[in-house]
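Trainee: Quick one: sequence and predicted model below, then my questions.
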Amino acid sequence: MTPHHEHEFEAAPGLPEPLPAGERILWQGAPDWRVLALHAYHLRQLAGYFGVMMAIQALYHWNAPAATLLSSLALSAALAGTALGLLALGAWLSARTTLYTLTTRRVVMRIGIVLTITLNVPLRQLRGADLLARPSGVGDLSLALAGKERIGWLHLWPHARPWHLADPQPTLRCIPDAAAVGERVVAAWQAVQSMPASATQGAVSGVSTAAAKSTLSSAGTTHTVTA
């Protein structure tokens, strides 16, 4: 019997084709949708904005009949709740359809709600990785690419480092135990750098050699690894 999973075109969950001989999966994970809703879809800020607008609305209608004031606020609350609910649904769907995979040679990002795309980022093509860790342990791991080739920021969102429009960085957003995942990425990067280029070019042809230094920073602390 053939194992069934949601994305039938995948050779394995998160992977569009079987891994080459000698390559293995080190980690797989997905965003925490609640944290994604707060930090990528900005639900907290939007809820605050709607609250301020409703307060202004209440002041504007302060001298109106109570029924008018209440009906006006009820309509605004319903519209605000609908908007926030749709954004929360979007965050849940985004997290549910996303799978990040770290192998011994690359980072694979399967993303997209309606149209699913798979991004393949060879570890040799990284010039650095920046970790934003939150007190809960959930955080973002941004991958800075070497060379001139870039992936469009809009193609990546919400799996992109915020505000880095000129230099889009694929980002593993809101992943649990982000610091440990970052250390795994650094260890895998170090292992790849110690291999001859011919040993990893079978996975992706035309891979450019990464810069000789990769940086992983977290909560004000920077860890630097050098090839």
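Mentor: Noted; the coordinates are in hand. What you are looking at is a predicted structure, and each value in this text was computed from that prediction instead of being measured.
Trainee: any idea how far residue 54 is from the residue of the chain most remote from its centre?
Mentor: For the chain, the C-alpha lying farthest from the average C-alpha position belongs to residue 65; by Cα atoms, centre = their mean, that distance is 48.4 Å. The span separating residue 65 from residue 54 equals 18 Å under the rule Cβ to Cβ, to the nearest Å. Bear in mind the C-beta positions are built from the backbone N, C-alpha and C, glycine included.
Trainee: Could I get the full set of helices for the chain?
Mentor: Residue ranges of the helices in the chain, as given by DSSP state H, are 33-39, 43-60, 66-96, 153-156, 178-193, 197-200.
Trainee: Quick one: closest of those helices to residue 11.
Mentor: Distance to residue 11, taken as Cβ to Cβ, is lowest for helix 197-200 among the helices of the chain, at 19.5 Å.
Trainee: Check what pLDDT residue 92 gets.
Mentor: Residue 92 carries a pLDDT value of 97.
Trainee: er, residue 4 I mean
Mentor: Residue 4 carries a pLDDT score of 35 in this model.
Trainee: Contact partners for the spatially most central residue of the chain?
Mentor: By Cα atoms, centre = their mean, the mean C-alpha position of the chain lies nearest to residue 173, the distance being 2.8 Å. Under the criterion of Cβ atoms under 8 Å, 6 or more residues apart in numbering, the contact partners of residue 173 comprise 31, 36, 39-40, 140, 158-159.
Trainee: Go again with 6 Å.
Mentor: Contact criterion Cβ atoms under 6 Å, 6 or more residues apart in numbering gives 31, 36, 40, 140, 158-159 as the residues in contact with residue 173.
Trainee: Next one: it relative to residue 57, how far apart?
Mentor: For residue 173 relative to residue 57 (Cβ to Cβ), the value is 34 Å.
Trainee: Could you do residue 195 as well?
Mentor: To residue 57, residue 195 is 63 Å away according to Cβ to Cβ.
Trainee: quick revisit: so which of the helices of the chain is nearest residue 102?
Mentor: Each of these was scored for nearness to residue 102 using Cβ to Cβ, and the closest is helix 178-193 (6.1 Å).
Trainee: Run through the neighbouring helices and strands of the closest one.
Mentor: If you count contacts as 3 or more Cβ pairs under 6 Å, 6 or more residues apart in numbering; DSSP states H and E, helix 178-193 packs onto strand 126-133, strand 139-145, strand 213-218.
Trainee: and the angle for that helix with strand 126-133?
Mentor: Helix 178-193 and strand 126-133 meet at an angle of 170 degrees, taking axes from the mean of the first three to the mean of the last three Cα atoms, to 10 degrees as the criterion.
Trainee: For residue 181, the count of nearby residues, please.
Mentor: Applying other Cβ atoms under 10 Å, we find 21 residues neighbouring residue 181.
Trainee: ok, it - contacts?
Mentor: Residues in contact with residue 181 (Cβ under 6 Å, 6+ apart) are residue 175.
Trainee: measure it to residue 103 for me?
Mentor: As for residue 181, its distance to residue 103 is 13 Å (criterion: Cβ to Cβ).
Trainee: One more: residue 86?
Mentor: In this structure, residue 86 lies at 35 Å from residue 103, with Cβ to Cβ as the measure.
Trainee: Give me the more crowded residue out of the two.
Mentor: Regarding residue 86 and residue 103, a neighbour count based on other Cβ under 10 Å identifies residue 103 as having more, with 21 against 11.
Trainee: remind me which residues of this structure are low pLDDT?
Mentor: Along the chain, segments meeting pLDDT under 70 span 1-8, 196-227.
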